[in-house]
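**Q** okay, sequence plus prediction incoming.
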Amino acid sequence: MKAPYTCYCCEGIGNTNEHAPPKSIYPKQKYLSEGSPDYRKNLITVPSCKKHNNDKSGDDEYLLALFTLSIPESKIAEPMMKKWIEAFKRNDSLAKRIFSLSRKITILTQKNNLLIPEKTFAITAEKERINNAMKSTVRALYYHESKYKNKWLNDFTVTSPNFLNQNLFIDVQRQEIYRDFFQAFANPNIIKKGPHHDIFFYQMLEEGLEGACVMKLVFYNHLVFFALLV
């Protein structure tokens, strides 16, 4: 009898399944209009031990809340907001934690060639929690890509033009790095992977990197992360 696969994140027995990315980012059909696809079918899963499946559930819920607050108005935004409100009803401490780290700001919006100041608020995201959730997803996808043969257990860097910045000012060096990444992944030969691309897809760049890998993850066609596995 073939032995079970080991966990994507350690050498423990993979006696549960971990979704990559978390199943919660895919809206349930009850929140969607009639005729919408079932976004919870054919999702990517990998073997996981119970510890690595359960320990990050709080980070996954936090990530979903930030995503919902960050995506622009769309056919996905409204059902995600409904789900998010339900999650906050179950766990109002999450809402209090997120909004306790918010502050009022003024931004400039261009209208008819004029820059108009508008008041809004900015949330100070908890970088460590975002990193934890995203790194778990990247490790799981890497394991999935290798058909459960190879794992990435070393540390690596995750960065995002949408999150993980320490302030609201433009970092020229960081913007140049993102520009290079976007140009590299603009190659039409780099396949978009994942079951529902309007919710999530990922791409991998390995050619010429001598054993390293760069992974691009896109959520809701708007929120982008890059993982540098070096």
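**A** Nice, thanks for sending it over.
**Q** I'd assumed Gly194 was in contact with Asn42.
**A** No. Asn42 is not in contact with Gly194 according to Cβ atoms under 8 Å; the separation is 9.7 Å. All C-beta spots, glycine's among them, are computed from the backbone N, C-alpha and C.
**Q** between the two, which is the more surrounded one?
**A** Gly194 (18 against 10; other Cβ atoms under 10 Å).
**Q** contact partners for the more buried one?
**A** For Gly194, the contacting residues are Ile44, Phe200, Phe201, Tyr202, by Cβ atoms under 8 Å, 6 or more residues apart in numbering.
**Q** skip the chain neighbours and tell me the closest residue to it.
**A** Closest residue to Gly194 apart from its sequence neighbours, by Cβ to Cβ, 6 or more residues apart in numbering: Phe201 at 4.2 Å.
**Q** just Ala140 next, same as before
**A** Spatial nearest neighbour of Ala140, chain neighbours left out: Ala20 (3.5 Å); criterion: Cβ to Cβ, 6+ apart.
**Q** wait, the one you found touches Pro47, no?
**A** No. With contacts counted by Cβ under 8 Å, Ala20 stays clear of Pro47, the gap being 11.3 Å.
**Q** who has more neighbours out of the two?
**A** Set Ala20 next to Pro47 and count neighbours by other Cβ under 10 Å: Ala20 wins out with 25 against 22.
**Q** how close does the more buried one get to Tyr202?
**A** 9 Å (Cβ to Cβ, to the nearest Å).
**Q** any common contacting residues for the two?
**A** Counting by Cβ under 8 Å, 6+ apart, the shared contacts of Ala20 and Tyr202 are Leu141.
**Q** farthest-separated two in the contacts of Gly194?
**A** Ile44 and Phe201 (10.8 Å; Cβ to Cβ).
**Q** higher neighbour count, those two?
**A** In terms of neighbours (other Cβ under 10 Å), Ile44 is the more surrounded of Ile44 and Phe201; the figures are 20 against 17.
**Q** spit out the contact partners of that one.
**A** Contacts of Ile44 by Cβ under 8 Å, 6+ apart are His19, Ala20, Ala140, Leu141, His144, Gly194, Pro195.
**Q** those residues, buried ones only, as a PyMOL selection?
**A** Selection of buried members from the contacts of Ile44 for PyMOL, criterion 16 or more other Cβ atoms under 10 Å:
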select buried, resi 19+20+140+141+144+194
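**Q** could you dump the contacts of Ile44 to JSON lines with distance to Lys56 and pLDDT?
**A** Converted to JSON lines, the contacts of Ile44 look like this (distance: Cβ to Cβ, whole Å; pLDDT from 0 to 100):
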{"residue": "His19", "distance to Lys56": "11", "pLDDT": "96"}
{"residue": "Ala20", "distance to Lys56": "12", "pLDDT": "96"}
{"residue": "Ala140", "distance to Lys56": "11", "pLDDT": "97"}
{"residue": "Leu141", "distance to Lys56": "15", "pLDDT": "97"}
{"residue": "His144", "distance to Lys56": "17", "pLDDT": "97"}
{"residue": "Gly194", "distance to Lys56": "20", "pLDDT": "95"}
{"residue": "Pro195", "distance to Lys56": "21", "pLDDT": "94"}
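**Q** including distance to Ala184 and secondary structure, could the contacts of Ile44 go into a markdown table?
**A** Shown next, in a markdown table, are those (distance: Cβ to Cβ, whole Å; DSSP: H, G, I helix; E, B strand; the rest coil):
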| residue | distance to Ala184 | secondary structure |
| --- | --- | --- |
| His19 | 27 | strand |
| Ala20 | 22 | coil |
| Ala140 | 23 | helix |
| Leu141 | 18 | helix |
| His144 | 22 | helix |
| Gly194 | 19 | coil |
| Pro195 | 24 | coil |
